[in-house]
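Asker: Predicted structure and sequence below. I'll ask about it afterward.
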Amino acid sequence: MGIFDKGVLKTKEGFFKRLSRAIVGRSKVDDEVLDAIEEALVSTDMGVDTTLKVIDNLEERVERDKYMSRDELADLLREEIGKLIDVDGQPAIDPDKIPFDFSKKPYVVLVVGVNGVGKTTTIGKLASKLKAQGKKVVLGAADTFRAAAVDQLQIWAERAGVDIVRQKMGSDPAAVAYDTVRSAVAKNADVVLIDTAGRLHNRVDLMNELTKIRNVLRKVIPDAPHEVLLVLDASTGQNAFQQTKEFTRATDVTSLAITKLDGSAKGGVVIGIVDQFKVPVKFIGIGEGIDDLKVFDKKEFVSSLFSADDIKD
């Protein structure tokens, strides 16, 4: 079983059970089959708008060809979903390399998201991967509202063998971020990962704190942060759409990390969010282990999700 097969297994099982029931014994793809495909896609939490894009394109193809074999149907689904998630136009990536621009040193990443999505854990796993690739990393514990968050990040820093900048509970998060970047510059670090408070996306005052953090970072490095990584939990389904909407409104989100993909049947949320917000996924979490944060490979993800062998004629 490949990396992405594990990550999308539950989504895949639910989708193809519905799809197989829809096409069994049929010699062509008709309106009833298209309706069943639409229902199956919506069930993965892909979202109505994105699902309708796929169905509209399928309808055009059906009008031309009338009959579509299972291989052709799987190929077309792969093609359509592949186009939807290719929002950055980047070529195939090396899954063993972190997709950061290391020519910018230190490369500053501001990590945002609500409580419970696995934000701090994602930072820790990412720090470990970077360290394994020979990069010098500094973590910033700017989630000063929760003692547990700072302590958790400290544990990850020790586990990964990287430096951390922290202050006492209740300290100004922007001040911690500022000190972190200054420390990273002094140490000639390659990457800075700054943890932020697990703010609620509907709390305007907390969201505004992100703007303050960004502004103080620029006092040290004018173009920082170089990346704003939004962490989302795949199992929350449609709520992840709302979180993305509010965070992209509050700050310039440049990439996504999708966690808990292995435990969810709602893997379609990855496709829907990328399509609707035009923000690429860079990482996915497919387990609890330190090595279970993976660089997102668009081609492998689509191939794993839509395999002709799973559609039973």
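Answerer: Great, that's in hand.

Asker: can you pull out the helices in the stretch 201-313 of the chain?
Answerer: For the stretch 201-313 of the chain, the helices defined by DSSP state H, counting those that start in this stretch cover 204-220, 238-250, 268-277, 298-305.

Asker: quick one: contacts for D45?
Answerer: G237, Q238, K266, G267, G268, V269, G272 (Cβ atoms under 8 Å, 6 or more residues apart in numbering). All C-beta spots, glycine's among them, are computed from the backbone N, C-alpha and C.

Asker: how many other residues sit next to the closest residue to the fifth one other than its chain neighbours?
Answerer: By the measure of Cβ to Cβ, 6 or more residues apart in numbering, the closest residue to G268 outside its immediate chain neighbours is T44, 2.8 Å from it. The criterion is other Cβ atoms under 10 Å. On that basis, T44 has 26 neighbouring residues.

Asker: Quick check: T44 vs K212, distance?
Answerer: 37 Å (Cβ to Cβ, to the nearest Å).

Asker: what does A132 give?
Answerer: Per Cβ to Cβ, A132 is found 33 Å from K212.

Asker: Nearest the geometric middle of this protein, what residue?
Answerer: Closest to where the C-alpha atoms of the chain average out (Cα atoms, centre = their mean) is A257, at 2.7 Å.

Asker: what ranges do the helices span in the stretch 51-200 of the chain?
Answerer: 70-85, 119-132, 147-160, 173-186.

Asker: which one of the ones you listed lies closest to V231?
Answerer: helix 119-132 (4.4 Å; Cβ to Cβ).

Asker: Most widely separated two among the contacts of D45?
Answerer: Q238 and G267 (13.4 Å).

Asker: Can you give me every residue that contacts T259?
Answerer: V117, G118, T121, T122, V231, L232, D233, A234, I284, G285.

Asker: Bridge partners for it, pull those for me.
Answerer: Taking DSSP bridges as the rule, T259 bridges to D233.

Asker: Could you check how far it is from E63?
Answerer: 40 Å.

Asker: any idea how the chain splits into domains?
Answerer: 3-90+304-310, 107-296 (automatic domain parsing).

Asker: With mean pLDDT and distance to F100 added, can I get the ones you listed in CSV?
Answerer: Formatted as CSV, these follow (pLDDT from 0 to 100; distance: least, Cβ to Cβ, whole Å):
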stretch, mean pLDDT, distance to F100
domain 3-90+304-310, 73, 13
domain 107-296, 89, 5
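
Asker: Quick check: closest non-adjacent residue to V109.
Answerer: E227 (4.6 Å).

Asker: coming back round to it: compare the helices of the stretch 201-313 of the chain and report which one is nearest to I37.
Answerer: helix 268-277 (12.4 Å).

Asker: which secondary structure elements does the closest one contact?
Answerer: helix 48-65, helix 70-85, helix 238-250, strand 255-259, strand 281-285 (3 or more Cβ pairs under 8 Å, 6 or more residues apart in numbering; DSSP states H and E).

Asker: Convert the longest one to PDB, retaining C-alpha atoms only.
Answerer: As requested, the backbone C-alpha atoms of helix 48-65 are provided in PDB (Å, rounded to 0.1, in the frame of the first residue of the first chain):
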ATOM      1  CA  VAL A  48     -21.300  21.200  -4.300                       C
ATOM      2  CA  ASP A  49     -19.600  23.800  -6.600                       C
ATOM      3  CA  THR A  50     -16.600  21.700  -7.300                       C
ATOM      4  CA  THR A  51     -18.700  18.500  -7.800                       C
ATOM      5  CA  LEU A  52     -20.800  20.300 -10.400                       C
ATOM      6  CA  LYS A  53     -17.700  21.300 -12.300                       C
ATOM      7  CA  VAL A  54     -16.800  17.600 -12.600                       C
ATOM      8  CA  ILE A  55     -20.300  16.600 -13.500                       C
ATOM      9  CA  ASP A  56     -20.700  19.300 -16.200                       C
ATOM     10  CA  ASN A  57     -17.500  18.100 -17.800                       C
ATOM     11  CA  LEU A  58     -18.600  14.500 -17.600                       C
ATOM     12  CA  GLU A  59     -21.900  15.400 -19.200                       C
ATOM     13  CA  GLU A  60     -20.100  17.000 -22.200                       C
ATOM     14  CA  ARG A  61     -18.000  13.800 -22.700                       C
ATOM     15  CA  VAL A  62     -21.000  11.600 -22.400                       C
ATOM     16  CA  GLU A  63     -22.900  13.600 -25.000                       C
ATOM     17  CA  ARG A  64     -20.100  12.900 -27.400                       C
ATOM     18  CA  ASP A  65     -19.300   9.300 -26.600                       C
END
